[in-house]
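[1] Pasting the sequence and the predicted model now:
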Amino acid sequence: MITCPNCEHQNPDGAIQCEACFTPLPQLVNCGNCGQPLLSNATFCGECGAAHPFKGSTTTEESSSPPPPPTSSNIPESSSPPPPPTSSNIPESSSPPPPPTSSNIPESSSPPPPPTSSNIPESSSPPPPPTPKPAANARTQLQTQTASLLHVQTDTKLELPQGLDIIHVGKPNDQIPPDLDVSGLPDSDVVSRIHADIRNEAGIFYIEDVGSSNGTYINYNVLPPGNRHRLRPGDRISLGKGDLVTFVFQLS
């Protein structure tokens, strides 16, 4: 098993990325001194103690030269100050405006007529009171995910039992009774009595072949016994050869 450096999840040997968080997993490389296999993220070889062949020293870039100090040759000369104001360049003040007289004062307009009953608009009816809104629920109900398998050949939906960490898939037997019985489906003779297990780990579902006779296939690829595959919506699961008993994993 390979431990994920990010979430410490135990992954099967040969896995390239973590099946829980999809972080790339360290791979086996050969020691440059003794040739023994070791993980690519190891610092020293556990066999001969030599440093990891791919650990290199970092180099620092040379500091750039500081800019030259300012000299009298690159300091611009200050411009000459503007000449002071004189009587020749001060504009003469304009003559003041003439005082108001009776001829240029506009006559006051006549006052508006007092309001009467004829020009007072009738009061409109008061608006209706606002409708009280229902109080929002203080607690939000959490929706639980329901996992199911859609049988492709008969378009039958089989819901996975809730509350079980391990769901046994197969046909009735005396050793481990199945939690998901597929004996009533067509061509179920290719399915072993103890065929596969579906594990529910905090809402994440995995499938594992537990030693079936005709094998388990995920998306047309064989699932080696002892290895498990993280199920995602749309994954195609075939129990046995020939793609005769096929399911599509769904979440709702």
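    That came in fine, so what should we check first?
[2] From now on I want contacts and neighbour counts done on CA atoms only, so please keep to that.
    Will do.
[3] which one is Ala51 nearest to, not counting chain neighbours?
    Phe44 (4.4 Å; Cα to Cα, 6 or more residues apart in numbering).
[4] Roughly how far does that neighbour sit from Ala50?
    6 Å (Cα to Cα, to the nearest Å).
[5] What of Phe249?
    48 Å.
[6] mind checking how far the residue nearest to Ala51 is from Ile2?
    With Cα to Cα as the criterion, Phe44 and Ile2 are 18 Å apart.
[7] Quick one, grab the pLDDT at the closest residue in space to Lys171 that isn't next to it in sequence.
    Leaving out its chain neighbours, the residue that sits closest to Lys171 by Cα to Cα, 6+ apart is Arg193, at 4.3 Å. According to the prediction, Arg193 has pLDDT 95.
[8] who are the neighbours in contact with Arg193?
    170-173, 178 (Cα atoms under 8 Å, 6 or more residues apart in numbering).
[9] coming back round to it: give me the more crowded residue out of Phe44 and Ile2.
    For Phe44 and Ile2, the more surrounded residue by other Cα atoms under 10 Å is Ile2, and the numbers stand at 19 against 16.
[10] is it true that Ser252 touches Glu159?
    No - using Cα atoms under 8 Å, Ser252 is not in contact with Glu159; the gap is 10.4 Å.
[11] higher neighbour count, those two?
    Under the neighbour definition other Cα under 10 Å, Ser252 and Glu159 were set side by side, and Glu159 has more, 15 against 9.
[12] Just confirm that one contacts His151, I think it does.
    No - Glu159 is not in contact with His151 according to Cα under 8 Å; the separation is 10.7 Å.
[13] hey, which strand is longest across this structure?
    Longest strand of the chain, by residue count under DSSP state E: strand 194-201.
[14] Okay, now the unreliable bits of this structure?
    Regions of the chain meeting the criterion pLDDT under 70 cover residues 1, 38, 41, 46, 52-126, 132-144.
[15] How much space separates the residue nearest to Ala51 from Asn33?
    For Phe44, the distance to Asn33 - Cα to Cα - is 11 Å.
[16] any residues in contact with both of these two?
    Ala50.
[17] Show me how the protein divides into domains.
    Domains of the chain are assigned by automatic domain parsing as 1-55, 147-251.
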